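Participant: Predicted structure and sequence below. I'll ask about it afterward.
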Amino acid sequence: MLGIEEIKGKLMSYCAYQERCEHDVRKKMEKWPFLTDQLQNELLQALRNDKFLDDSRYVESYVRGKVYIKKWGKHKIRHHLRQKRIIEQHINQVLNEIDQEVYSQNLLQAFTSKWLNLNHKKDKATKQKIGLYLQQKGYEFEEINAIIKRHFDS
C-alpha cells in the first residue's frame, strides 16, 4: 500500500506533466479507495498551495488549445469545461478573452473545408450538412447562419 507522501508525489508528477483541473485529480485519486474525503481534500489543498493545481490556469490552457489547435467553437468548449465541473465564472472570463479575429478565421476555415469536401454545391442539403458540421464543432447558431447566408446568397 502506498503512503500519503508517495501518493502526493504521484499527484505532483501527474499535475506537472500537463495542466490538470481538480476534477481530473479527483478522478485520479479514485484509484486509491483507502483515501478518505478529508485526505483527498488535504491533498488537493497541498497541490494548490504548491501551485501544481489551479483551475483558472487550467481553463486558460484548455481554451487556448481548443481554439488554436482543435479549432473548436465556444459552445463545445463550454460544454466540455462544465463536464469537468469548472466554475462558470472562470469559463466566461476566458471565453470572453478569445481573439475574435482568430475565432472568426477558424469558423471560416471550418466552413471552407467542409464546403470543399461537399464539391462546392450550393443546395439546401449542403447548407444543412455544413450547418450541422459547424454546430458539432461548437460554433454559435447566429455565426453559422451568418456565414452560410453570406456564402450561399452571393
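Facilitator: Okay, I see it.
Participant: Against K71, how distant is K137?
Facilitator: 7 Å (C-beta to C-beta, to the nearest Å). From N, CA and C alone the C-beta is placed, and that goes for glycine too.
Participant: Could you do S61 as well?
Facilitator: 16 Å.
Participant: Also K51?
Facilitator: From K51 to K71 the distance is 30 Å (C-beta to C-beta).
Participant: So which of the two has more stuff around it?
Facilitator: Neighbour tally, K51 and K71, criterion other C-beta atoms under 10 Å: the higher count belongs to K71, 18 against 9.
Participant: What ranges does the protein have for its helices?
Facilitator: Along the chain, counting by DSSP state H, helices occupy 4-17, 22-29, 37-49, 55-68, 74-83, 88-96, 100-117, 124-136, 141-152.
Participant: Turn those into a markdown table, including mean pLDDT and mean neighbour count.
Facilitator: Shown next, in a markdown table, are those (pLDDT from 0 to 100; neighbours: other C-beta atoms under 10 Å):
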| stretch | mean pLDDT | mean neighbour count |
| --- | --- | --- |
| helix 4-17 | 94 | 14 |
| helix 22-29 | 95 | 16 |
| helix 37-49 | 95 | 14 |
| helix 55-68 | 96 | 18 |
| helix 74-83 | 98 | 16 |
| helix 88-96 | 95 | 15 |
| helix 100-117 | 95 | 15 |
| helix 124-136 | 94 | 16 |
| helix 141-152 | 93 | 14 |
